[in-house]
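> Below are the sequence and a predicted model for it; my questions follow.
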Amino acid sequence: MQWLAEVCVKRPVFATMLIASLVVVGLFSFMSLGVDLFPKIDFPTITINVINPGASPEEIETEITEKIEEAVNTISGIDELRSTSVEGLSQVFVQFVLEKDVNVAAQEVENRVQTVIPNLPDTAEQPTVIKMDSDAAPVLRIVVSAPLPLREVTEIAKNKIKERVESVSGVGQVTMIGAQERQINVWVDPDKLRSYNVTPAEVTAALKSQNAEFPSGRLDEGQTETSVRTMGKIQKPEQFEDIVVATRGNYAVKVKDLGYTEDGAQEIRSEARLNGKPAVNLVVAKQSGQNTVAVAHGVKDRLKEIESTLPKGFEMRVVGDNSIFIENSLHAIEEHLVVGSFLAAIVVFLFLWSFRSTFIAALAIPTSIISTFALMYAMGYTLNSITMLALTLMVGIVIDDAIVVLENIFRFIEEKGMDPFQAAIEGTREIGLAVLATTLSLMAVFVPIGFMQGIVGKFMSSFGLTASFAVAVSLIVSFTLTPMLAARLIKRKHLKKAEQKAETSDILDDELMERGEVRPQEEEHLSKEAGWFRHVDGIYTWLLKFSMGHRWVIITLCVLVFLSIVPLFMFVGKNFLPVDDQSHFEVTIRAEEGSSLGATAQVFERAASEIRKLPGVTDTLVTVGGGTQQVVNAGTIYVKLTPIEQRDRSQEQLMAATREMLANREKFPEELGLRTSVQIVQAFSGGGFRNANVQFMIAGPDLKKLEE
């Protein structure tokens with residue numbers, strides 16, 4: 001690398017363009033980087049959903065779940081196979097070993113599921129195979145409410161808000177919870193069914209077959225051709241009553257003979273309430289790999305456009321916004337990055353006591369950090385807490401190589417009286433191998449982190465490679481930009497003073513010799529021997545002499561410090577991810593089996609009203625029956641808090657207070673049979689995983705015994 005320093009000293013344009021190219025590519029890459037809380041992690045977990053409306057859990061288990069499990073169980077690399085069978089829904093979760101490529105796993109599962117479809121019940125819908133997506137967690141929670149029937153609120157939420165939000169760039173899915181959409185209901189009288197000897201299945205089949213449109217071919221007329229379509233769709237609700245269900249003798253039995261039709265609404269299987277008021281909850285999830293902050297800003301901008309078009313009385317609020325915490329976290333890290341860079345430069349200035357030298361050394365920080373963005377973009381990384389942590393940590397490291405090279409060049413100029421150009425070449429040549437060894441030793445620490453295996457490796461790989469690239473760029477800077485600038489910016493003030501001093505001394509010597517006197521010799525001091533550096537050097541020399549004179553004391557202290565790792569490690573708290581105060585948390589509640597939607601919603605609202613009494617709580621959003629399973633006796637309470645600087649109690653303290661409140665048997669007696677959990681908002685979702693610290697499973701052949 002020494003030859004590179006010599007080339008850069010003699011060819012400054014080459015050195016400038018080399019570093020400038022890295023910086024420019026890094027700047028453009030920075031503008032294209034996504035922003036998220038954590039790196040994108042692909043967990044090889046596949047979910048298979050099969051819907052069979054009305055089927056009992058036992059029927060779902062035997063007719064659907066077991067068949068799918070048998071089909072996919074032979075795929076290689078399966079780590080765990082789990083399933084859930086509830087009324088009308090089968091869910092099979094296939095978790096592969098971490099080394100398995102998630103796309104290959106999804107394709108293999110898809111192929112095996114296709115072979116089972118002919119054996120599934122005719123009433124079952126087409127199976128869906130879904131990859132677990134760590135980006136599927138909600139980005140925004142939008143609540144729409146109005147003093148109108150729920151069906152009208154749902155129509156506005158769907159047609160004027162949901163459809164327009166879905167068109168925002170980066171939005172993957174918008175799910176409505178607590179909605180009640182329009183539906184044509186056909187009510188039949190059981191007595192009339194028996195009198196005409198008609199079954200409900202015949203009514204259903206007639207409604208399906210006589211309310212459809214089919215292509216009917218083409219009509220050729222010489223030189224023209226016309227497509228023919230059978231218009232079989234019913235246009236008005238009352239026309240359903242004229243559908244012929246069956247023929248009894250010469251009489252055609254119609255729907256109106258058996259009952260009546262109603263332009264009504266769907267049966268409510270989910271409910272949402274904001275601070276006790278019924279509402280429609282729109283949960284916005286982003287597309288995989290998209291910028292969370294950009295998607296959130298895009299949706300909020302679209303909501304501002306929509307707000308002016310809503311009918312009078314409609315209220316639209318963003319209750320949950322995950323991008324706020326991400327932005328605040330990244331801004332804090334960016335601030336630390338900038339402040340750390342300035343502090344590092346100040347420390348360098350205090351020791352070099354030269355603005356020019358400080359500028360040369362400190363220039364390694366922005367050039368190395370900005371250039372690292374190019375690698376992050378090439379590797380598909382995002383600006384998240386892990387990669388930004390790596391860059392913040394590197395601020396104090398990337399400047400080291402430049403300081404070592406600069407100090408050695410300065411020493412050649414000061415102590416050996418060498419010309420700055422020659423000193424830049426010779427100083428870099430002498431110290432080059434040591435600088436290279438130092439950089440490689442750092443990379444030997446960080447590069448292996450980039451290739452760690454397991455879940456920790458998936459999180460920390462971006463940390464290791466980001467840090468390694470920053471260190472590598474700092475090495476290039478120290479061998480190119482640093483010697484080139486040192487050769488041109490470091491002035492020979494001390495040499496000029498020395499020459500003037502020598503000339504003065506010669507004149508004085510001549511005058512003294514004429515008088516027959518001799519001038520006493522003056523002790524020469526270098527810059528490192530002047531000022532407070534002399535005190536620093538004295539303290540360091542004393543410590544060094546003491547250490548060398550008491551080697552066994554130093555070795556014993558080092559061994560004791562090393563052994564103290566074990567007890568200290570036992571006392572330090574441990575967690576996979578840091579628990580940050582994000583100003584929101586969730587309460588999951590499951591009521592007794594068999595509880596209706598209305599009864600469950602009342603219990604949830606009772607809990608939510610108590611939570612709203614806690615200091616620092618601004619909103620509670622109750623959702624019952626949401627999710628894929630739509631279990632009406634379970635749901636969540638989303639609790640939004642005031643910003644951390646505006647409250648006295650932390651998020652953890654408020655969560656603990658919520659647990660105590662839910663455990664109060666006077667407010668929530670045991671007869672309610674509630675199972676509650678207070679937890680942070682889940683950062684990753686999908687794959688049947690739950691956001692709990694401890695999970696256990698009881699297995700056995702007898703379901704009743706397991707319940708006991």
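Arrived safely.
> all strands in the stretch 1-150 of the chain, in order from the N-terminus.
For the stretch 1-150 of the chain, the strands defined by DSSP state E, counting those that start in this stretch occupy 45-51, 78-86, 89-96, 128-131, 138-145.
> So which bits of the shortest one are buried?
For strand 128-131, the buried set under the neighbour-count rule, 16 or more other CB atoms under 10 Å, comprises 129-131. C-betas here are computed from N, CA, C, even on glycine.
> Partner strands of it, with direction?
In the sheet, strand 128-131 lines up against strand 45-51 (antiparallel) (DSSP bridges).
> quick check: angle from the strand it pairs with to strand 78-86?
20 degrees (axes from the mean of the first three to the mean of the last three CA atoms, to 10 degrees).
> so how far is strand 45-51 from its chain's centroid?
Remark: strand 45-51 is offset 23 Å from the chain centroid, using CA atoms, centre = their mean, to the nearest Å.
> Report the angle between it and strand 89-96.
170 degrees.
> what does strand 45-51 rub up against?
64, 68, 72, 88-96, 102, 105-106, 109, 113, 120, 124-125, 127-132, 628, 686-689 (CB atoms under 8 Å, 6 or more residues apart in numbering).
> mind saving the C-alpha coords of it as PDB?
Taking Å, rounded to 0.1, in the frame of the first residue of the first chain, the C-alpha atoms of strand 45-51 are listed here in PDB:
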ATOM      1  CA  THR A  45     -41.800 -20.100   8.000                       C
ATOM      2  CA  ILE A  46     -44.700 -20.900   5.700                       C
ATOM      3  CA  THR A  47     -48.400 -20.700   6.600                       C
ATOM      4  CA  ILE A  48     -51.100 -22.700   4.800                       C
ATOM      5  CA  ASN A  49     -54.600 -21.400   5.300                       C
ATOM      6  CA  VAL A  50     -57.700 -23.300   4.200                       C
ATOM      7  CA  ILE A  51     -61.200 -21.900   4.800                       C
END
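> Could you give the average pLDDT over the helix or strand encompassing M570?
Per DSSP states H and E: M570 is located in helix 565-571. Mean pLDDT, helix 565-571: 89.
> what do you get for stretch 337-353?
Mean predicted confidence for stretch 337-353 is 78.
> in that stretch, what's buried?
Quick answer for stretch 337-353 (16+ other CB under 10 Å): 337, 340-341, 344-345, 348-349, 351-352.
> Can I get these in TSV including secondary structure and distance to K40?
Shown next, in TSV, are the buried residues of stretch 337-353 (DSSP: H, G, I helix; E, B strand; the rest coil; distance: CB to CB, whole Å):
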residue	secondary structure	distance to K40
L337	helix	22
G340	helix	27
S341	helix	28
A344	helix	31
A345	helix	34
V348	helix	37
F349	helix	40
F351	helix	42
L352	helix	42
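> from those, which is closest to D242?
Nearest to D242 out of these is L337 (CB to CB; 72.6 Å).
> what's the nearest residue to the closest one if we skip its chain neighbours?
T392 (5.1 Å; CB to CB, 6 or more residues apart in numbering).
> So what's the gap between the strand or helix carrying that neighbour and the chain middle?
Following DSSP H and E, the helix or strand that holds T392 is helix 385-416. Centre-to-centre, helix 385-416 and its host chain are 32 Å apart (CA atoms, centre = their mean).
> pLDDT at T261, what is it?
For T261, the pLDDT comes out at 87.
> thought it was touching E241?
Yes: if you go by CB atoms under 8 Å, T261 and E241 touch, sitting 5.4 Å apart.
> OK, contacts around the closest residue to G276 other than its chain neighbours?
Leaving aside its chain neighbours, G276 sits nearest to E605 (6.0 Å; criterion: CB to CB, 6+ apart). Contacts for E605 were tallied using CB under 8 Å, 6+ apart; they are 273, 276, 622.
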